[in-house]
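Asker: coords please:
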Amino acid sequence: MLKNLLPQSRQQLLKRTYLTRLAVVGLAVVMLLELLLLAALLPAYLAAHMHQGMHEHAISKAEQQINEGGGAVARGFLEETAALLARAHATQKHPSSTELIDVLGIGSVAGIVVTDLALTIAGTGGVQAVVSGEASTRTALVQYTEALEADPRVAEVVLPLRDLAASRQIPFAITVTFADLSL
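Answerer: Below you'll find the predicted structure:
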């Protein structure tokens, strides 16, 4: 084993000097990394700033044309706004969760336990739900399907035949297509 022959004070001074130099090198490396990251992000910042300026220019040009009584850019903005308003109006036609629970009769038919509900909302405003769960008996499952079909807000109910194969503890997945949920 090697023994350090330097006096204790000299050893401490060397350790302190080493740690100081290590800290300075570490800080220099961190600063260098920050500069590299800044250099890498600078083009993205400049591009975003340029796009913002282009959009501000287009908006000011449209405002000018609107103030002057119209124009192609102004018509484009008006058409885009009308499309966005139409989409917002269509979105408001989508059902609330309370309305869905009411239509699907969740909890209203004895022997039916709903474990999953998956909704698909089409761009045209149509809504389709896949109701999954377990029926205690085949009779309960048929009664639940008939109750869904009797609701005027339901356009179609699809119960796969394989779901009627068992007589007890029947796992099911019913697809319900809604006609109009605003009734």
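
Asker: so which strand or helix has Val113?
Answerer: Secondary-structure assignment from DSSP states H and E places Val113 in strand 112-121.

Asker: report the strands that pair with that strand, each with its relative direction.
Answerer: Looking at strand 112-121 with DSSP bridges, its partner strands are strand 127-137 (antiparallel).

Asker: tell me the mean pLDDT over the strand it pairs with?
Answerer: Across strand 127-137, pLDDT averages out at 86.

Asker: mind listing what's buried in that strand?
Answerer: For strand 127-137, a neighbour-count test (16 or more other CB atoms under 10 Å) marks Val127, Gln128, Ala129, Val131, Gly133, Ala135, Thr137 as buried. In this view, the C-beta of every residue, glycine as well, is placed from N, C-alpha and C.

Asker: of those residues, which is the nearest to Arg162?
Answerer: Ala135 (13.3 Å; CB to CB).

Asker: so what's the closest one bridging to?
Answerer: Beta-bridge partners for Ala135, by DSSP bridges, are Ile112, Ile170.

Asker: helix or strand with the lowest mean pLDDT in the protein?
Answerer: Of all the helices and strands that make up the chain, helix 72-92 has the lowest average by mean pLDDT, DSSP states H and E, namely a mean of 63.

Asker: hmm, who's touching the strand or helix carrying Thr175?
Answerer: Assessed by DSSP H and E, Thr175 sits inside strand 168-178. Contacts with strand 168-178, where a contact means CB atoms under 8 Å, 6 or more residues apart in numbering, come from 95, 103-104, 126-138, 141, 144-145, 148, 153-160, 163-164.

Asker: for the residue of the chain most remote from its centre, helix, strand, or coil?
Answerer: Residue farthest from the centre of the chain, counting by CA atoms, centre = their mean, is Leu5 at 67.8 Å. Assigned by DSSP: H, G, I helix; E, B strand; the rest coil, the conformation of Leu5 is coil.

Asker: what pLDDT is listed against it?
Answerer: pLDDT at Leu5 comes out at 82.

Asker: torsion angles phi and psi at it?
Answerer: Here is the backbone geometry of Leu5 (degrees, to the nearest 10): phi -90, psi 0.

Asker: for Ala110, see how far away it is.
Answerer: As judged by CB to CB, to the nearest Å, Leu5 and Ala110 stand 92 Å apart.

Asker: on that earlier part again, could you give the angle of the strand holding Val113 to strand 168-178?
Answerer: Going by axes from the mean of the first three to the mean of the last three CA atoms, to 10 degrees, strand 112-121 is angled at 30 degrees with respect to strand 168-178.

Asker: which helices and strands sit right next to the longest helix anywhere in the chain?
Answerer: Longest helix in the chain, counting residues (DSSP state H): helix 8-67. Counting contacts by 3 or more CB pairs under 8 Å, 6 or more residues apart in numbering; DSSP states H and E, helix 8-67 is packed against helix 72-92.
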